[in-house]
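J.: build me a model:
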Amino acid sequence: MRTAEFPAGFMTEYSPSMIVAEATHQNLATGFPVGKRFKSAPVVRVCDTNPVQLGHQAMADGRWRIYVFADGAAPGESAAAPSPTADLAAWLANAPDSPLAATPGAPTVTRGSM
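T.: Residues are numbered from 1 along each chain as shown. A predicted model of the protein is given here:
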């Protein structure tokens with residue numbers, strides 16, 4: 001049913017802004033338009049290997065969430081080695097132009113349990 005996307009909130013698409021990137025790298029996530037709410041997907045939670053629905057792991061409470069999907073470490077490279085994901089986490093936690101810097105009482109950036 002195509003019209004179910006509107007009442008479910010999937011038709012909203014945010015324009016590029018401080019927290020929504022340009023679609024420069026859209027080819028890396030085909031089927032997940034940048035700035036648009038994504039539908040739930042089955043994932044395996046790393047902490048306990050339980051299969052769960054990603055979209056059911058966060059409450060719909062108006063808060064923004066940032067999901068980062070990344071490949072594993074390259075062969076022969078330590079998981080603790082510098083990476084774009086680690087750089088993003090450091091920027092979010094420490095940079096004066098991070099969206100978290102403008103949020104009083106923002107929570108600390110931590111690795112998720114997914």
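J.: the residue nearest the centre of the chain and Ala23: what is the separation?
T.: Closest to where the C-alpha atoms of the chain average out (CA atoms, centre = their mean) is Tyr67, at 1.3 Å. Separation of Tyr67 from Ala23 (CB to CB, to the nearest Å): 16 Å. Every C-beta, even on glycine, is put in place using the N, C-alpha and C of the backbone.
J.: just the pLDDT at the nearest residue to Glu22 once chain neighbours are set aside, thanks.
T.: Ranked by CB to CB, 6 or more residues apart in numbering and with sequence neighbours excluded, the top spatial neighbour of Glu22 is Pro16, at 5.0 Å. Pro16 carries a pLDDT value of 89.
J.: ok, now Ala90?
T.: For Ala90, the pLDDT comes out at 90.
J.: tell me, how many residues neighbour it?
T.: 13 (other CB atoms under 10 Å).
J.: phi and psi next, for it.
T.: Here is the backbone geometry of Ala90 (degrees, to the nearest 10): phi -60, psi -40.
J.: from Ser98, how far off is it?
T.: 10 Å.
J.: again, but for Lys39
T.: 28 Å.
J.: neighbour count winner among the two?
T.: Regarding Lys39 and Ser98, a neighbour count based on other CB under 10 Å identifies Ser98 as having more, with 18 against 13.
J.: excluding chain neighbours, give the residue nearest to the more buried one in space.
T.: Using CB to CB, 6+ apart and skipping residues adjacent in sequence, the residue nearest Ser98 is Leu92, 5.1 Å away.
J.: quick one, what contacts that neighbour?
T.: Residues in contact with Leu92 (CB atoms under 8 Å, 6 or more residues apart in numbering) are Ile66, Ser98, Pro99, Leu100, Val109.
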